[in-house]
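*Asks:* give me a 3D structure for the following:
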Amino acid sequence: MQTGPKNLITDVAGLKVGNAQDARVKSGTTVLTADASFTAAVHVMGGAPGTRETDLLAPDKTVEKVDALVLSGGSAFGLDAASGVADKLRADGRGFLVGDHNVPIVPAAILFDLLNGGDKGWSRSPYYDLGQAALAGASGDFALGTQGAGTGATTASFKGGLGSASLLTPSGHTVGALVAVNALGDAVVPDSQHFWAAPWEIGEEFGGRGCAANSQTTWPKTKLSDQNTTIAIVATDADLTKAELTRFATAAHDGMARALVPSHTPMDGDLVFGVSTNAKPIQDPLADPILLGHAAATCLARAIARGVYAATPSDGDLLACYRSTSPQS
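*Replies:* Next up is the predicted model:
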């Protein structure tokens with residue numbers, strides 16, 4: 001398998017990602033957008049989601065395209081990031097035209113990072129401003145790890161983080177994933193430095209440590225708390241409808257299950273948005289969607305491991321970073 005040139009979701013031409021974070025709060029926001037609106041769908045498999053405008057993404061709903069997607073820390077407060085993004089897009093003339101008003105469509109999902117050691121004693125939510133800052137900084141290149149929505153993220157053993165990865169399919173389409181990893185479960189096999197996602201690693205993109213021996217013989221570590229949720233976006237340039245993107249996002253959840261053990265628990269809000277720029281037609285109506293779904297799952301598994309692998313230490317951390325404890329750090 002071959003990655004795109006950046007090994008980022010922005011290898012899907014036209015997509016841009018911006019991050020903004022507050023080190024004192026230990027939280028942040030990530031925005032995915034493009035110069036033109038794009039088709040989007042969503043699939044939720046966790047038991048505790050926090051979302052905005054996701055009902056609109058169902059295949060039978062009227063609006064076909066969105067202007068941006070937001071992933072944010074901050075639990076319910078983090079949904080305010082989407083308001084900041086929507087206001088800026090409206091000022092730029094973007095949005096769904098209703099009469100003489102532009103109404104930007106900005107679905108969002110949040111994770112819980114309120115108990116991670118940061119100062120959450122704000123009198124006004126910081127997420128509106130973080131959303132606007134992330135949008136303003138959106139580009140084809142962006143940092144992974146302790147960035148954006150992954151700033152305050154954690155897993156059972158190590159700090160979580162923001163991850164991304166891409167693949168080129170045999171049909172010539174590009175697939176990418178973007179994820180904020182804040183799981184109840186773990187990205188690594190218990191008592192090891194081996195990622196659950198190791199079978200899908202390309203090169204040494206998250207350390208190259210390979211698979212653990214006898215990884216299925218012990219129970220995984222968990223937080224056993226309600227301070228969780230992994231939220232993701234998978235994207236492609238393949239020309240897919242909302243219904244097809246819903247299946248694309250559903251298939252991507254396999255990657256979450258490969259990379260986080262356990263996943264989709266009652267106390268995670270695990271969610272995947274599906275995105276298409278509709279730039280390249282489907283060549284084979286049977287084979288292409290199958291391989292696109294497989295690529296989405298593979299990208300998401302790799303992106304999860306990359307997010308944990310790229311995390312860096314910060315003041316007040318409650319958990320160590322993976323590379324701080326790894327012999328190969």
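*Asks:* quick check: can you name the pairing partners of the helix or strand hosting residue 39 and their directions?
*Replies:* When secondary structure is defined using DSSP states H and E, the element that contains residue 39 is strand 27-44. Sheet neighbours of strand 27-44, with direction, are listed as strand 15-22 (antiparallel), strand 65-72 (antiparallel), strand 271-280 (antiparallel) (DSSP bridges).
*Asks:* any idea which of those strands is most buried?
*Replies:* strand 65-72 (a mean of 27; mean count of other C-beta atoms under 10 Å). Where C-beta positions appear, they are placed from N, C-alpha and C, glycine not excepted.
*Asks:* ok, and what's touching the first helix or strand past the strand holding residue 39 going along the chain?
*Replies:* Proceeding C-terminally, strand 27-44 gives way to strand 51-52 as the next helix or strand, assigned by DSSP H and E. With C-beta atoms under 8 Å, 6 or more residues apart in numbering as the contact definition, strand 51-52 has outside contacts at 42, 44, 70, 79, 82, 106, 107, 108, 109, 110, 269, 271.
*Asks:* could these go into JSON lines alongside pLDDT and distance to residue 231?
*Replies:* Formatted as JSON lines, the entries for the contacts of strand 51-52 read as follows, by pLDDT from 0 to 100; distance: C-beta to C-beta, whole Å:
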{"residue": "42", "pLDDT": "98", "distance to residue 231": "10"}
{"residue": "44", "pLDDT": "97", "distance to residue 231": "10"}
{"residue": "70", "pLDDT": "98", "distance to residue 231": "10"}
{"residue": "79", "pLDDT": "98", "distance to residue 231": "12"}
{"residue": "82", "pLDDT": "98", "distance to residue 231": "13"}
{"residue": "106", "pLDDT": "98", "distance to residue 231": "15"}
{"residue": "107", "pLDDT": "98", "distance to residue 231": "11"}
{"residue": "108", "pLDDT": "98", "distance to residue 231": "9"}
{"residue": "109", "pLDDT": "98", "distance to residue 231": "4"}
{"residue": "110", "pLDDT": "98", "distance to residue 231": "7"}
{"residue": "269", "pLDDT": "92", "distance to residue 231": "7"}
{"residue": "271", "pLDDT": "97", "distance to residue 231": "5"}
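*Asks:* tell me the one of these nearest residue 242?
*Replies:* Of all the contacts of strand 51-52, the one sitting nearest residue 242 is residue 42; the distance, using C-beta to C-beta, is 9.7 Å.
*Asks:* what's that closest one in contact with, if anything?
*Replies:* Under the criterion of C-beta under 8 Å, 6+ apart, the neighbours of residue 42 are 51, 54, 57, 107, 246, 249, 271, 272, 273, 274.
*Asks:* distance to residue 193 for those residues - can I get that in a markdown table?
*Replies:* Converted to a markdown table, the contacts of residue 42 look like this (distance: C-beta to C-beta, whole Å):
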| residue | distance to residue 193 |
| --- | --- |
| 51 | 34 |
| 54 | 36 |
| 57 | 38 |
| 107 | 36 |
| 246 | 36 |
| 249 | 31 |
| 271 | 28 |
| 272 | 27 |
| 273 | 31 |
| 274 | 32 |
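*Asks:* of all the contacts of strand 51-52, which comes closest to residue 211?
*Replies:* Within those, the smallest distance to residue 211 is 27.8 Å, found for residue 271 (C-beta to C-beta).
*Asks:* how much space separates the closest one from residue 208?
*Replies:* Distance, residue 271 to residue 208, using C-beta to C-beta, to the nearest Å: 30 Å.
*Asks:* repeat that for residue 310.
*Replies:* 14 Å.
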